[in-house]
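Visitor: Make a model of this:
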Amino acid sequence: MALIYWHRYVITCKTKSWMLALYDMCDYLSILFNSEWFNGH
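Guide: Now for the predicted structure:
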């Protein structure tokens, strides 16, 4: 039983880290586009 719970815990952690990485990429891209837009104008 403990192994199953540990496996679920690992999957949850991996999913959360993936989501955080995606959020970081979106933030980075929005900052990049904003700075380019301000430089263009």
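
Visitor: Tell me, what's the model's pLDDT at N34?
Guide: Note for N34: predicted pLDDT of 86.

Visitor: Could you check how far it is from K14?
Guide: 31 Å (Cβ to Cβ, to the nearest Å). C-beta coordinates here come from the backbone N, C-alpha and C atoms, glycine included.

Visitor: cool, L20 as well?
Guide: From L20 to K14 the distance is 11 Å (Cβ to Cβ).

Visitor: Pull the contacting residues for Y5.
Guide: Applying Cβ atoms under 8 Å, 6 or more residues apart in numbering to Y5 gives no contacts.

Visitor: element containing C26, please.
Guide: Here C26 is covered by helix 2-40, with elements defined by DSSP states H and E.

Visitor: Extract the residue ranges of the protein that are flagged as low pLDDT.
Guide: Filtered on pLDDT under 70, the chain yields the residue ranges 1, 41.

Visitor: again, only this time at 90
Guide: Judged by pLDDT under 90, the chain has its weakly predicted residues at 1-19, 31-41.

Visitor: That's all I had, so thanks and see you.
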